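Visitor: pasted the sequence and its predicted model underneath.
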Amino acid sequence: MFHNSTMKYFFTNCILIWVSCSSFSLVYAQSDQFKVVLDPGHGGRDPGNVQNGYYEKNITLSISKKIKTLLSKEPDVAVYLTRDKDVAIDLDARGPFANKIGADVFVSIHCDAHDSNAYGAGTFVLGLHRADKNLNVVKRENAVIYREEGYTENYSKFNSDAIGVSVIQEENLNQSIQLAYKVQNSLVKKASRRDRKVKQAGFVVLYGTIMPSVLIEVGFLSNPNEGAFLNSSEGQYKIAEAIAAALVAYKNEFFMNTVSFEVPSKESSTYYQIQLAASDRKLLENDPFFKGLKPIYRDEGSGVIRYFYGRTNSSQTAQELLNLARNKGFKDAFIAETNE
Ligand SMILES: [Zn+2]
């Protein structure tokens, strides 16, 4: 750990010296792809809701595939599915799949059912709520864990009545809510769904992710009209279009990386950096916490560790870097000026 960071610091200094001695510039631009993991609910031996002859597991897979096709037209978006066929995947394996890929967002897709004539779409983020009005849908979506082998060991930390929120999901909650509102508004406006709002609930599948995550109940299979709509190719396409549009809007707002800048030469007496955070936690440069911002500098001088993004001579560029950092969710970020 120590060795690593020492090496990194050494390496950074080498780059700066090299820049100052050459006519080339080291230019940083954020160019990583926006990675989306779509999670078609249920599958295999777990059909999810079965109502009026409609199978949740088939509809969620079909919608997910349509979203993937739509998003494949976006050059800076990469889409991954937790399953692309009718197979069972444990709830607690879906989040880690997204973590391993380094996904920027995780979107779990489901269909609801109720013994009333209820209809409409709702979008959920992970919440700490106990026994509230969302508990029925939580119990239904979490129910599969009781049918999995060895569930007592795997899910002993989960309890539908009082699910905890991981520290990381808590940090991501603002971004999850931003994403949830975009999805929900799009389902209402573009797919003409009745608005069942953005809500918080304790879904196991969202617990294991380390990025902004939402679970969408696209509609009710138990409602004859909505069930037929969701089971139709046209209906699935409308839902897919609405979700894809929301993901693109979210990407454009939080991940469009339009600032490129040159790292100043070592002799520069004044430069600007964006302070993102101060913490006693030691994070690596590529930690998801930094949301892909590069380069990240760490200052361990004063007890707490301060984390900075970027380095530039230009106050105008510094302002652009600050805007980008704030758009990515670092609301308290500010420009720090250094004179050496
Ligand atoms: Zn479901």
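Guide: On my side now, so go ahead.

Visitor: which residue ranges form the strands in the stretch 1-150 of the chain?
Guide: 27-29, 34-40, 50-51, 54-55, 77-81, 105-112, 121-126 (DSSP state E, counting those that start in this stretch).

Visitor: I'd like to know which of the ones you listed lies nearest to Val248.
Guide: strand 77-81 (7.3 Å; Cβ to Cβ). Every C-beta, even on glycine, is put in place using the N, C-alpha and C of the backbone.

Visitor: what pairs with that closest one, parallel or antiparallel?
Guide: Each strand that pairs with strand 77-81, with its direction, by DSSP bridges: strand 34-40 (parallel).

Visitor: contacts for the strand it pairs with?
Guide: Residues external to strand 34-40 that are found in contact with it (Cβ atoms under 8 Å, 6 or more residues apart in numbering): 57, 60-61, 63-64, 67-68, 71, 76-83, 94, 97-98, 101-109, 205, 247, 251, 255.

Visitor: residue ranges with poor pLDDT in this protein?
Guide: The model of the chain has pLDDT under 70 over residues 1-32, 128-136, 143-170, 256-259, 265-268, 286, 288, 302, 340.

Visitor: get me the contact residues on it for the ion.
Guide: Among all residues of the chain, those adjacent to the ion (criterion: Cβ under 5 Å from the ion) are Gly41, Gly48, His110, Glu141.

Visitor: ok now stretch 289-308, how far from the chain's centre?
Guide: Offset of stretch 289-308 from its chain centre (Cα atoms, centre = their mean, to the nearest Å): 21 Å.

Visitor: just to check, Tyr237 is in contact with Lys66?
Guide: Yes - the criterion here is Cβ atoms under 8 Å, and Tyr237 meets it with Lys66 at 5.7 Å.

Visitor: outline the domain layout of the chain.
Guide: Domain assignment for the chain, taken from automatic domain parsing, gives 16-30+263-339, 34-254.

Visitor: follow-up on the earlier one: widest-spaced pair of the residues of the chain next to the ion?
Guide: The span of the residues of the chain next to the ion, defined through Cβ to Cβ, is set by Gly48 and Glu141 at 8.3 Å.

Visitor: could you dump the residues of the chain next to the ion to TSV with neighbour count and distance to Ser232?
Guide: Output for the residues of the chain next to the ion, formatted as TSV (neighbours: other Cβ atoms under 10 Å; distance: Cβ to Cβ, whole Å):
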residue	neighbour count	distance to Ser232
Gly41	29	18
Gly48	25	18
His110	28	18
Glu141	28	23
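
Visitor: among those residues, which lie within helices?
Guide: Glu141 (DSSP state H).

Visitor: can you redo the residues of the chain next to the ion as a markdown table with distance to Gln184?
Guide: Output for the residues of the chain next to the ion, formatted as a markdown table (distance: Cβ to Cβ, whole Å):
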| residue | distance to Gln184 |
| --- | --- |
| Gly41 | 17 |
| Gly48 | 21 |
| His110 | 14 |
| Glu141 | 17 |
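
Visitor: what lies in contact with stretch 290-306?
Guide: With Cβ under 8 Å, 6+ apart, stretch 290-306 has contacts from 5, 12, 28, 30, 32, 104, 254-255, 257, 263, 273, 275-283, 285, 307-311, 324-325, 328-329.

Visitor: returning to what we had before: can you check which residues contact both of Gly48 and Glu141?
Guide: Common neighbours of Gly48 and Glu141 (Cβ under 8 Å, 6+ apart) are Gly41, His110.

Visitor: tell me how many other residues crowd Lys68.
Guide: Neighbourhood size, Lys68 [other Cβ atoms under 10 Å]: 19.

Visitor: look up how far the ion lies from it.
Guide: Distance from Lys68 to the ion, counting by Cβ to the ion, to the nearest Å: 19 Å.

Visitor: residue contacts, the nearest residue to that residue once chain neighbours are set aside?
Guide: Nearest non-adjacent residue to Lys68, counting by Cβ to Cβ, 6 or more residues apart in numbering: Val79, 4.4 Å away. If a contact means Cβ under 8 Å, 6+ apart, then Val79 has Lys35, Val36, Val37, Leu38, Ile67, Lys68, Leu71, Ser72 as its contacts.

Visitor: hmm, try it at 7 Å
Guide: Val36, Leu38, Lys68, Leu71, Ser72 (Cβ atoms under 7 Å, 6 or more residues apart in numbering).

Visitor: which non-adjacent residue is nearest Val214?
Guide: Ala180 (4.7 Å).

Visitor: hang on, the one you found in a helix?
Guide: Yes - under DSSP: H, G, I helix; E, B strand; the rest coil, Ala180 falls within a helix.

Visitor: was I right to think it contacts Thr123?
Guide: Yes - using Cβ atoms under 7 Å, Ala180 and Thr123 qualify as a contacting pair, with a distance of 4.4 Å.
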